[in-house]
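Asks: I need the structure of the sequence given here:
(2 chains)
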Amino acid sequence: MQTARRLYLYLLSGIGLGVLVTGVGLLLTTLLEAIGLDGGSVLSGEQATRERLTLATAMSGVSLPVWLIHWFVAQRGVRPGRPEADVERSSAVRGLYFALVLGGLLLAAFLSLSSLIEGTVLGIAGEATFNTPASEVGLVVAAGAAWLYHLGVRLGDWRHGPITDAGAWLPRAYLYGATFIGLMVMLFGLADLFVLVARLVANSRDDTIVGAGGLWWAFPLASGVARVLVGGATWLGHAWYARRLWSDRGHRGSIERPARLRFAFYVAVLVVSAAAAIGFLGQVGRLLIGVALGVPEASGSGGLPGDVLAALLAAVLFVASWMVHSFELSRAAAEPAAAELIPRPDRLISYPTALVGLAVGAVGAARLIGLVVDLVLGGGQVLAGAESSDRAFADFAPFAILGIGIWMWHWSGIMRTAAADPTIEAASTVRRAALLVTLAVSILAGVASLGVILYRLFGTLFGLDAPASVASELSVPVGVLIVTVAIAAYHGQLLRRDGALRAAEEEVAPAAPSGMRPEIGLTLVGPAGVEPGTLVGVADGLRAQLPDGFDLRDERQMS
Amino acid sequence: MTVESRGPDRTLLFIGVGILALVAIAAAVVLLLGGREPESFPADSAEGVVQRYLAAFEEGDLEEAHASFSSEVRSEMDLDAYEQATRDYGMFPPDSSRRVLFDRTDTDGDRARVRLTIEEYFGGGPFGGGETYRSSREIRMVREDGSWRIDEPLIGIEPGPALAPDSFDQ
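Replies: Reported below is the predicted structural model:
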């Protein structure tokens, strides 16, 4: 019943807020244009202004009471002294509301601010822009103000006591999601700026580029600068806030420090950083092999030295991101509250990075096998056009080497750990998940490629038109099938061995002593009507206060 | 080093050597077997006419390309219209990543169909959508004055503007 009531209240509040922010944004746009911050919008003019003013007033007038009434009732429920205030603050619906509202408002402000910066840079460069500064400023101010207000309300919630379970992790997902997106937007924006600078330097005297449209670099520059500034600000702001939470010595810090989402954030950054680093390094190899084989350069290229330098700089950027975040992950896992949750942080670094390397290397290897099959068995009479085998080789060989190289680098460490203590490694959830994901993806890819091969085989048997060269047609599926069968066999055999080790350990376990450390059983009892999540939060708070060597265990353990 | 720890290292060593061998083999195969040039088909065959038409088109010799069409196609689309249609479709320089493979020619009296496979490679590697797309193409031919002619409007290898519906009554 309470959940249905909350859903109604927060849904209406959210809809009301969305319309209100849009309406206020339009009102501000009209106001700003009236005072001269226009920029020559095609939609400006007396009639357009009146229509927009009418629309903005109507939207604001309708949505303001809807939002105010529902938000007032929602806020009344968490007012200090109310009997259900603690439960209300930790409710999943309220947590979801804050996650969505903060995320949506941030996105609106993010996009508007990016457009504003892009327009400003283009204006400085003397290029025309379709964006009007007034509309961007209006939305940035309206969304930004609403975002700040909701942030303040949420901080107020935390000041009144612990928030647990979905009420805590949903807004936390927003925090780490925004940090991740901000970081990635900034890094890829920087990488694009490197490419632009390299092309500018390499082609500074190239008449074809300068003559192709004047300031050809203005749009890439504006886009890159906007992404670096807005993405960087988003990342810095959220990362700074997250750091403040982790250093908090109260109940907030004790809940945030061991949060799984914090580690999921690190893993996500490691995965994308590793993939991007391999991608840019592969680009360097692709360019160099292409030159060695005489592959024509792609049009619009900034020349070999410039392109190689740009890709190298971008790769260094992502390698640095990978290193910083793997260090941060290890440090976070070493904190007392997190040590029990993440006993082996190196697994969270090695397995995801190895999987990225394996994925890229497998794609490269499959395409190289396909290339060999095509050239050796493909045949077919060429009527016109040139072959692209040299280009395909340059495109995939560096990724096969780099991907498998990265995989081997991390996998050798994993194998050494497994060899040193096979039973403990076999029991790891991270290892099991990595092996199962690899097995699942390789089986799916293998089945898909086998399907293509059988389709062609049956098609020939049933008299369908065969292509000019069946071997060429099937070269890539054959390559994929060979690679995926090898990967599935290798990882399946590891899974089987791990399973046997776990089974053997379970047989031995009952005979072993139940534990050398003395322990007593305790039961945490809360006031009547309290949700289980609140009890977990209180237990987390108690755990943070324990002296060294003491543990307060629950069943939420992760290896 | 124990036997247990030597095993996994040896497995990885084999995998690493295998990948390097694959790259070396692929490089050797590309250098030895890659870069096949188009075969020369007999000028009086249907596929030979298509080959010469494509060569003329790619060299920008639209007059020569237009001469490969049947009288019916040429009457519906004269040289000016063909040049205009080519401009309208957008003339790009010949894409080095595209090749046309000859499949077979099905002949029925003075009419024939040349079956082709178009291979287009879009580069970029695993992160750039490096893919090879293959599609089948069938070109109608007709024998006129003892020579094969293309009996449908083409812009390069792509279907050209549609002609009057009664143009291809057989």
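Asks: all contacts plus neighbour counts: C-alpha atoms, from now on.
Replies: Noted.
Asks: In contact with A:A108, which residues?
Replies: A:139-140, A:143 (C-alpha atoms under 8 Å, 6 or more residues apart in numbering or on different chains).
Asks: got the buried residues for the helix or strand in which it is found?
Replies: Using DSSP states H and E, A:A108 sits in helix A:92-124. For helix A:92-124, burial by neighbour count (16 or more other C-alpha atoms under 10 Å in any protein chain shown) applies to A:92-122.
Asks: what ranges do the helices span in chain B?
Replies: B:3-33, B:46-58, B:62-67, B:71-76, B:79-89 (DSSP state H).
Asks: Adding distance to A:G126 as columns, could you present the ones you listed in CSV?
Replies: Output for these, formatted as CSV (distance: least, C-alpha to C-alpha, whole Å):
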stretch, distance to A:G126
helix B:3-33, 49
helix B:46-58, 40
helix B:62-67, 42
helix B:71-76, 49
helix B:79-89, 32
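Asks: Can you lay out the ones you listed as JSON lines showing distance to chain A, mean neighbour count and mean pLDDT?
Replies: Below are these laid out as JSON lines (distance: least, C-alpha to the nearest C-alpha, whole Å; neighbours: other C-alpha atoms under 10 Å in any protein chain shown; pLDDT from 0 to 100):
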{"stretch": "helix B:3-33", "distance to chain A": "5", "mean neighbour count": "16", "mean pLDDT": "82"}
{"stretch": "helix B:46-58", "distance to chain A": "6", "mean neighbour count": "22", "mean pLDDT": "91"}
{"stretch": "helix B:62-67", "distance to chain A": "14", "mean neighbour count": "19", "mean pLDDT": "90"}
{"stretch": "helix B:71-76", "distance to chain A": "23", "mean neighbour count": "16", "mean pLDDT": "89"}
{"stretch": "helix B:79-89", "distance to chain A": "19", "mean neighbour count": "15", "mean pLDDT": "84"}
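Asks: Next, the buried residues of stretch A:362-379.
Replies: A:362-376, A:378.
Asks: Tell me which residues are up against the longest strand anywhere in chain B.
Replies: The single longest strand within chain B, with elements called by DSSP state E, is strand B:131-144. For strand B:131-144, the surrounding residues in contact (C-alpha under 8 Å, 6+ apart) are A:467, A:473, B:46, B:70, B:110-123, B:148-152.
Asks: and that strand with helix B:46-58, angle?
Replies: 110 degrees (axes from the mean of the first three to the mean of the last three C-alpha atoms, to 10 degrees).
Asks: ok, B:S68 - contacts?
Replies: B:49-50, B:53, B:149-150.
Asks: Go back to the buried residues of stretch A:362-379 and keep what's next to chain B.
Replies: A:363-365, A:368-369, A:371-372, A:375-376 (C-alpha under 8 Å from any C-alpha of the partner chain).
Asks: Can you tell me which of the residues you listed is nearest A:P547?
Replies: Nearest to A:P547 out of these is A:V363 (C-alpha to C-alpha; 50.8 Å).
Asks: Just list the residues touching that closest one, thanks.
Replies: Contacts of A:V363 (C-alpha under 8 Å, 6+ apart): A:396, A:399-400, A:480, B:126.
Asks: now A:L122
Replies: A:128-129, A:218-219, A:222.
Asks: C-terminal to the lowest-mean-pLDDT helix or strand in chain A, what's the next element?
Replies: Ranked by mean pLDDT, DSSP states H and E, the helix or strand of chain A with the weakest confidence is helix A:207-211, at a mean of 41. Under the assignment DSSP H and E, the closest C-terminal helix or strand after helix A:207-211 is helix A:218-247.
Asks: what comes up buried for that next one?
Replies: Under 16+ other C-alpha under 10 Å, the buried positions of helix A:218-247 are A:218-235, A:238-239, A:242, A:245-246.
Asks: A:A166: how many residues sit nearby?
Replies: 18 (other C-alpha atoms under 10 Å in any protein chain shown).
Asks: Now do it, the pLDDT please.
Replies: Per-residue confidence at A:A166 stands at 86 (pLDDT).
Asks: and it, what does it touch?
Replies: A:90-92, A:95-96.
Asks: Please apply the same query to A:R227.
Replies: A:114, A:185-186, A:189.
Asks: does A:L383 sit in a helix, a strand or a coil?
Replies: strand (DSSP: H, G, I helix; E, B strand; the rest coil).
Asks: Please tell me how far it sits from B:E39.
Replies: With distances taken as C-alpha to C-alpha, to the nearest Å, A:L383 is found 6 Å from B:E39.
Asks: How about A:L501?
Replies: 61 Å.
Asks: So those two - more neighbours on which side?
Replies: When neighbours are counted by other C-alpha under 10 Å, A:L501 and B:E39 differ, and A:L501 comes out ahead with 17 against 14.
Asks: Specify the beta-bridge partners of B:E131.
Replies: B:E131 has these beta-bridge partners by DSSP bridges: B:F122.
Asks: Can you check what pLDDT the model gives it?
Replies: Looking at B:E131, the pLDDT reads 75.
Asks: which other residues reach stretch A:425-436?
Replies: Residues contacting stretch A:425-436 (C-alpha under 8 Å, 6+ apart): A:347-348, A:351-352, A:355, A:417-418, A:491-492, A:494-495, A:498-499, A:501-502, A:558-559.
Asks: circling back: can you flag which of the buried residues of stretch A:362-379 belong to strands?
Replies: Reading strands off those, I find no matches (DSSP E).
Asks: Many thanks, have a good one.
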